[in-house]
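Trainee: A structural model of the following input is requested.
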Amino acid sequence: MTHYDLIIRFFHFLDWVISEYGLYLFMAFVYLCPFIIWWVHRWVKKHPEHSARPNISFFWWFPPRK
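Mentor: As a prediction, the model looks like this:
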């Protein structure tokens, strides 16, 4: 069996999973998305040394109007 055959079988499997359970997967991801965003936000706040951005306030980029 070649690599091409394995890839084709894998994508046929994914096609079957999406056609059978796609709506349920979509609803689960939509339901879990706020919790995942909250978890990542909490992790970044606890571990600022892993952040790609420096610890700068949002308002530093947009100074107040005069």
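Trainee: mind listing the helices for this structure?
Mentor: Ranges of helices in the chain, per DSSP state H, are 3-46.
Trainee: low-scoring stretches of it, by residue?
Mentor: The chain contains residues with pLDDT under 70 at 50-66.
Trainee: switch the cut-off to 90
Mentor: Within the chain, the ranges that satisfy pLDDT under 90 run 1-3, 40-66.
Trainee: Tell me how far residue 41 lies from residue 31.
Mentor: 18 Å (C-beta to C-beta, to the nearest Å). Every residue, glycine included, has its C-beta placed from N, CA and C.
Trainee: what do you get for residue 47?
Mentor: Counting by C-beta to C-beta, the gap from residue 47 to residue 31 is 26 Å.
Trainee: do the same with residue 23
Mentor: Distance from residue 23 to residue 31, counting by C-beta to C-beta: 12 Å.
Trainee: and if you look at residue 37?
Mentor: Separation of residue 37 from residue 31 (C-beta to C-beta) stands at 12 Å.
Trainee: And residue 11, by the same measure?
Mentor: From residue 11 to residue 31 the distance is 27 Å (C-beta to C-beta).
Trainee: what about residue 45, neighbour count?
Mentor: 9 (other C-beta atoms under 10 Å).
Trainee: Ignore what I typed, I meant residue 44.
Mentor: By the measure other C-beta under 10 Å, the count of residues near residue 44 is 13.
Trainee: same deal with residue 22?
Mentor: So residue 22, with other C-beta under 10 Å, has 11 neighbours.
Trainee: what do you get for the one 4 residues further on?
Mentor: Per other C-beta under 10 Å, the neighbour tally for residue 26 reads 11.
Trainee: Same check on the one 3 residues further on?
Mentor: Residue 29 is flanked by 10 other residues according to other C-beta under 10 Å.
Trainee: From residue 41, how far off is it?
Mentor: Distance, residue 29 to residue 41, by C-beta to C-beta: 18 Å.
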